[in-house]
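Undergrad: sharing a sequence plus its predicted fold:
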Amino acid sequence: MRIRGTGTPTLNTTSIVLAGGRSSRFGKEKHTEMVAGKSLIERTISHLSSLSAEILIVISNRQSRPSFSSYAEAKIVVDLYPAKGALGGIYTGLVYSTSFHNLAVACDMPFLNLDLLRYMIDLSPDFDVVMPRIGELKEPLHAVYTKNCLLPMERLLNEGNLKITDLLDLVRVRYVEKGEIDRFDPEHLSFFNINTRADLERARMLASQENTQRNCAGRRHEEG
């Protein structure tokens, strides 16, 4: 059974969206691709706008600027550590953020579960990182980071070490385990990301099914 959250998180949280650059497997920038009538970046911002008053879109200095004119809470920041991967992108978001607690996600995750994200945010006061983990698989691009991570991140970046897993050895981490995740997202679609054209087609199919189910539920409610 899927558990629904109670509303907005109790903490002031900035959302950081990593939208940096061209994917080697996908062959082009992914943030402009359409799923269910919205670009991936618009879909992500639309989800996060109910969680955060501030949304930061981290891009590389060589890519096109995403378009999302209808979302006043979102602004673009340029990666402070170019070509340093997700670690550099999250670091950049933390530097520009006005919040101590920050939710970081990738722009190519079209099925974010707001109830799971709220649950993670509400867990974060006693930790530096809150991150889902299913078995040995961790989800660093669907995690909460506090500004306490800035100094250890900067140290790793200056050493040329881009492994977020090594950051986790330097900070206080709360893992959200499979049993907790299943309460909100039993299919684990939160972590579905688009790396290939086949992934994009699957995302479009899943989104279409999701819309059909929502419309059917709405009609049943009206008839009831």
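TA: Noted; the coordinates are in hand.
Undergrad: is A74 bridged to anything, and to what?
TA: As for beta bridges, A74 partners with I55 under DSSP bridges.
Undergrad: which residues touch it?
TA: V17, I45, S49, I55, L56, I57, F68 (CB atoms under 8 Å, 6 or more residues apart in numbering). Using the backbone N, CA and C atoms, a C-beta is placed for each residue, glycine as well.
Undergrad: L157: which of these is nearest?
TA: When the contacts of A74 are compared for distance to L157 (CB to CB), L56 wins out at 17.9 Å.
Undergrad: now for the closest one: which residues touch it?
TA: T14, S15, I16, V17, A74, K75, I76, V77, G93, Y96, S97.
Undergrad: one more time with 7 Å, if that's ok
TA: T14, I16, V17, K75, V77, G93, Y96, S97 (CB atoms under 7 Å, 6 or more residues apart in numbering).
Undergrad: which one among the contacts of A74 gets closest to H188?
TA: Closest approach between the contacts of A74 and H188, by CB to CB: V17, at 20.2 Å.
Undergrad: that closest one contacts L103, correct?
TA: No. The criterion here is CB atoms under 7 Å, and V17 misses it with L103 at 9.3 Å.
Undergrad: what kind of secondary structure is the residue nearest the centre of the chain in?
TA: For the chain, V105 is the residue whose C-alpha lies nearest the centre (CA atoms, centre = their mean; 1.8 Å). Assigned state for V105: strand (three-state reduction, DSSP: H, G, I helix; E, B strand; the rest coil).
Undergrad: count of neighbours near the nearest residue to it once chain neighbours are set aside?
TA: With CB to CB, 6 or more residues apart in numbering as the criterion, V105 has its nearest non-adjacent residue at 5.5 Å, and that residue is H142. Using other CB atoms under 10 Å, H142 is surrounded by 22 other residues.
Undergrad: repeat for A207
TA: Residues lying near A207 (other CB under 10 Å) number 18.
Undergrad: how far away is the closest residue to T146 other than its chain neighbours from L87?
TA: With sequence-adjacent residues excluded and distances taken as CB to CB, 6+ apart, T146 is closest to D128, at 5.1 Å. According to CB to CB, to the nearest Å, D128 stands 14 Å off from L87.
Undergrad: and if you look at F100?
TA: On the measure of CB to CB, F100 and L87 end up 19 Å apart.
Undergrad: those two - which one has more neighbours?
TA: L87 (20 against 15).
Undergrad: circling back to that earlier point, backbone dihedrals for the residue nearest to T146, please?
TA: Phi and psi for D128, reported as degrees, to the nearest 10, are phi -90, psi -30.
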